[in-house]
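[1] sequence-free structure coming up:
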């Protein structure tokens, strides 16, 4: 059965669904490895050349009224919750049950509960712990390398965002569980396997946390509504400030959130929609460049020509010729 192959993940599923297979009831009560399971890894020079490596990975279930942290960890990881610590690595700590507090000097105390992930940065002092009355379940993975450093420099993750709202996600839990199993198997190239899992986790965390932000307060609905209005007015002009007023939100907030959501500022996004429609009209109709420019409400044909060339690298007529030749070749192949 699956629980024999992935015991940590299966334990998580049983906890959230209150399910216990009959033939395994006694095993669950007595098998301590499902409550604490961690691995600290040796990293060699070749592993470091890969650009990302894993130093630690684990899971621990802290019942209410239990000491924290547990004392079985190496000195570089064990810490006094009053004194705190600073790690040499990045670390993701995913809480799937219970509640507690997270504290840094820069940002003070922050609440942590199930479905939230703590993102710890190398060299940054912090402390965290579960409330005694609730305890918590935590998955964690610690990693280093220039790939992670580059992500931080590119602002995929921001230093001030230590608590990420990702929700309770079974796929995330399965990735952490798989990482524990790979670390324990200690096979050839397990470090590279673990690095791939870390990248998968980071990609999921980015996607989940950003979408959670937009889901709060129906932000995503506001942005989708704005996109629909732009599409419906492709042959007209849309003023982003007037659009924000129509949606009953401030323009500065709208511009920032719209760019976070789509990757474009509102005006730029609308320009991209118009250019996409222009490409379609050039290839699929016999309208002249001047007519298309007029249809799409550009100020002048020259303005349309300049924008089109800058965006595509082609003049409108070059794009029409190229597009029609490509379509004809595809038809011949069919």
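    Thanks, I have it. Everything numeric in this text was worked out from a predicted model, so none of it was measured. Residues are numbered from 1 along each chain as shown.
[2] can you list the buried residues in stretch 171-189?
    172-183 (16 or more other Cβ atoms under 10 Å). C-beta coordinates here come from the backbone N, C-alpha and C atoms, glycine included.
[3] among these, which one lies nearest to residue 201?
    Nearest to residue 201 among the buried residues of stretch 171-189 is residue 175, at 5.2 Å by Cβ to Cβ.
[4] ok, the closest one - contacts?
    For residue 175, the contact set (Cβ atoms under 8 Å, 6 or more residues apart in numbering) comprises 197, 200-201, 204.
[5] residue 60 - nearest residue in space that isn't next to it in sequence?
    With sequence-adjacent residues excluded and distances taken as Cβ to Cβ, 6 or more residues apart in numbering, residue 60 is closest to residue 36, at 4.8 Å.
[6] actually, residue 168.
    residue 115 (4.7 Å).
[7] my guess is that neighbour meets residue 167, correct?
    Yes: if you go by Cβ atoms under 8 Å, residue 115 and residue 167 touch, sitting 4.6 Å apart.
[8] quick one: distance of the helix or strand where residue 112 lies to the chain centre.
    Per DSSP states H and E: residue 112 is located in strand 108-113. Chain-centre distance of strand 108-113: 20 Å, with Cα atoms, centre = their mean, to the nearest Å.
[9] what lies in contact with it?
    With Cβ under 8 Å, 6+ apart as the test, strand 108-113 has contacts from 95, 98-103, 118, 128, 136, 162-163.
[10] narrow those residues to those that are buried.
    Neighbour-count burial (16+ other Cβ under 10 Å) applied to those gives 95, 98-100, 102-103, 118, 128, 136, 162-163.
[11] please identify which pair of the residues you listed lies farthest apart.
    Pairwise over the buried ones among the contacts of strand 108-113, using Cβ to Cβ, the maximum falls at 98 and 162, 18.1 Å.
[12] tell me the secondary structure at residue 76.
    When classified by DSSP: H, G, I helix; E, B strand; the rest coil, residue 76 comes out as coil.
[13] could I get the contacting residues of it?
    Residue 76 makes contact with 87-88 under the criterion Cβ under 8 Å, 6+ apart.
[14] give me the distance between it and residue 104.
    To residue 104, residue 76 is 19 Å away according to Cβ to Cβ, to the nearest Å.
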